[in-house]
Every structure is written in structure tokens, then in C-alpha cells.
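Trainee: Coordinates for the following, if possible.
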Amino acid sequence: MKTVLPCFTVTQDGTTLNVYHANKGEGLPKHEHVFSHLTMCHSGGCLVRNERRSLLMTKDTQPVNLVANEWHEIEALEDGTVFVNVFAENKY
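Mentor: Here you go, the predicted model:
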């Protein structure tokens, strides 16, 4: 999977929102961090994987919480996919 960087990053009152525009095969390869984050897909489709499961997300999927200290990855399944991560990194 090819790593994609955020198109937009906004920080407000200690919370960061990263917006990613990704094409098929791009995303965030396997990683983990000390904070949890909320992930949602706004257009296209993405596959979210962690230690326990895989979840296909579209704009109609409820946002999912990815817990701290557990590997996960997010991969775009089609061109023009937009997904968002929201987190409060400095909270921990």
C-alpha cells in the first residue's frame, strides 16, 4: 500500500482532524500509536483492518473508533476515496 498524506489538517481546542484524499491502493499502512482515533469515510470506499477484524467503510458506514496501542491500517478501495481521522494526541 502506498502511504497517502493528509490533504487538510485542522487542529481545534486540542483535537486534530486529518482529511485524506486517496486513490485505490493508497492509504495508511499498518501502524499504531498511543492515542485512539475516530475514522470515517466520506466518499468512495476503504478497508480498515486491525488485529481482530476488517471493516469495509463507505459514506454510509458509522464512524469507527480505532483503539490506542493496537495496529491498524486504512486502504482506499477506489479512486477518489476521502476518509477522515479525528484524534486528541496530546490528551495522553
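Trainee: In a helix, N90, correct?
Mentor: Yes. Under DSSP: H, G, I helix; E, B strand; the rest coil, N90 sits within a helix.
Trainee: From K2, how far off is it?
Mentor: 29 Å (Cβ to Cβ, to the nearest Å). For the C-beta atoms, the positions are set from N, CA and C on the backbone; glycine is no exception.
Trainee: before we move on, what about H21?
Mentor: Between H21 and K2 the distance is 13 Å, computed by Cβ to Cβ.
Trainee: can you list the weak-confidence ranges in this protein?
Mentor: Counting by pLDDT under 70, the ranges of the chain that qualify are 91-92.
Trainee: now do 80
Mentor: Of all residues in the chain, those with pLDDT under 80 make up the ranges 89-92.
Trainee: What segments of it are helices?
Mentor: Using DSSP state H, the chain contains no helices.
Trainee: where exactly do the strands run in it?
Mentor: Counting by DSSP state E, one finds strands in the chain at the ranges 2-3, 8-12, 15-22, 26-31, 37-43, 46-50, 54-57, 64-66, 72-76, 81-87.
Trainee: For burial, what's the neighbour tally of I74?
Mentor: I74 has 26 neighbouring residues, counting by other Cβ atoms under 10 Å.
Trainee: The one 4 residues further on too?
Mentor: Residues lying near E78 (other Cβ under 10 Å) number 14.
Trainee: Quick check: it touching G45?
Mentor: Yes. Counting by Cβ atoms under 8 Å, E78 touches G45, with 5.5 Å between them.
Trainee: okay, the strands of the chain, which one's buried deepest?
Mentor: Ranked by mean neighbour count, the strands of the chain are led by strand 72-76 with a mean of 22 (mean count of other Cβ atoms under 10 Å).
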